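Visitor: Need a 3D model of the following:
(4 chains)
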There are 2 protein chains.
Amino acid sequence: MARSKNSEGKAIEPNQRFDCARTAQSQVLLEDYTEMIDDLIREHGEARLTDIAKLMGVAHPTAAKAVARLKREGLATSKPYRGVFLTPSGLEMAERMRVRHRLVLDVLVAIGVPADAAELDAEGIEHHVSDKTLAAFEAFLKKSDR
Amino acid sequence: MARSKNSEGKAIEPNQRFDCARTAQSQVLLEDYTEMIDDLIREHGEARLTDIAKLMGVAHPTAAKAVARLKREGLATSKPYRGVFLTPSGLEMAERMRVRHRLVLDVLVAIGVPADAAELDAEGIEHHVSDKTLAAFEAFLKKSDR
DNA sequence: TTATAAATGTAGCCTAGGCTACATTTTTGT
DNA sequence: ACAAAAATGTAGCCTAGGCTACATTTATAA
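Guide: Take a look at the predicted model:
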């Protein structure tokens, strides 16, 4: 082979560090939408497509496509011209994200990040926190409390 | 209007919390590639397309498309059948990501995240850390040191 | 009730990022 | 030098997620 090693003689191997971003992208969208639909239902009693689109800052057909995908993946249900609801597994995902969001936010604030920045960054970060890290966050907060 | 408010009477407004993920996606790819190209050049003296593809875990035409985009955005240069190089602004981006990566990793470790989880999660998190949060991270680490 | 407004559905287009298949150019090894 | 292997380029396809434009249904108000 021409160059599975190079001038420095080090082999190049796939780096797990980089291949999560792309695979995860799709998942992030699902998580954002379920989280938001859950928020809407809690705060307003229902999740209308128009409201979902407004909150996500996208045009309504974009939200409609996303909802179609949620339904395909078994996370949501809806009937024509009616609101959107989460299935049990959709609710589970929303709850999971809620917990993560809370913990990430609390950790950021605990280490001194201003509240506004913490809130914005938490939304991006919460999708990339593994279970191990989450557990460490809980332990850290418990320790900080006392 | 039919429902810019709803049964609970609360207005629905775009939530900045949700509209970063999508806009940012594109940026994340650029950041990952510049970071990795910089790594390759430092460690191996050059960044070959094949190595970039291997590291990213994608097929080589995918990497070629990404490099084409980096060039379009003024972050990289390359000649046919030769390695890829970063422009000054590409180097700047790589350096920015290197600093972020280091800080995020150190903060995670400092609050008790196991090293392996910290390394993996840092790669996802580093793209979502604002300047404010980064500054808070630095302050936190400085405080932890003593 | 019935016209109008709002919400939702649908079609069709674009770009990004993934792939395979195949063509071309470099590099390697004999 | 030259054949084979490796690297790179290119074409073309797919899906996701964004949009606008337009059709249809539901809700509101006169």
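
Visitor: Run through the helices of chain A in chain order.
Guide: Assigned helices in chain A, in chain order: A:20-44, A:49-56, A:60-72, A:88-110, A:115-125, A:131-145 (criterion: DSSP state H).

Visitor: Dump the ones you listed to a markdown table, plus mean pLDDT.
Guide: Below are the helices of chain A laid out as a markdown table (pLDDT from 0 to 100):
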| stretch | mean pLDDT |
| --- | --- |
| helix A:20-44 | 87 |
| helix A:49-56 | 96 |
| helix A:60-72 | 97 |
| helix A:88-110 | 97 |
| helix A:115-125 | 95 |
| helix A:131-145 | 95 |
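
Visitor: Format the ones you listed as JSON lines; extra columns: mean neighbour count and distance to DNA strand D.
Guide: Placement of C-beta: from N, CA and C, glycine included. Shown next, in JSON lines, are the helices of chain A (neighbours: other CB atoms under 10 Å in any protein chain shown; distance: least, CB to the nearest atom of the strand, whole Å):
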{"stretch": "helix A:20-44", "mean neighbour count": "18", "distance to DNA strand D": "4"}
{"stretch": "helix A:49-56", "mean neighbour count": "20", "distance to DNA strand D": "7"}
{"stretch": "helix A:60-72", "mean neighbour count": "16", "distance to DNA strand D": "3"}
{"stretch": "helix A:88-110", "mean neighbour count": "18", "distance to DNA strand D": "14"}
{"stretch": "helix A:115-125", "mean neighbour count": "19", "distance to DNA strand D": "14"}
{"stretch": "helix A:131-145", "mean neighbour count": "16", "distance to DNA strand D": "23"}
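
Visitor: Export those helices as TSV, with columns for distance to B:R69.
Guide: Formatted as TSV, the helices of chain A follow (distance: least, CB to CB, whole Å):
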stretch	distance to B:R69
helix A:20-44	14
helix A:49-56	25
helix A:60-72	23
helix A:88-110	30
helix A:115-125	22
helix A:131-145	31
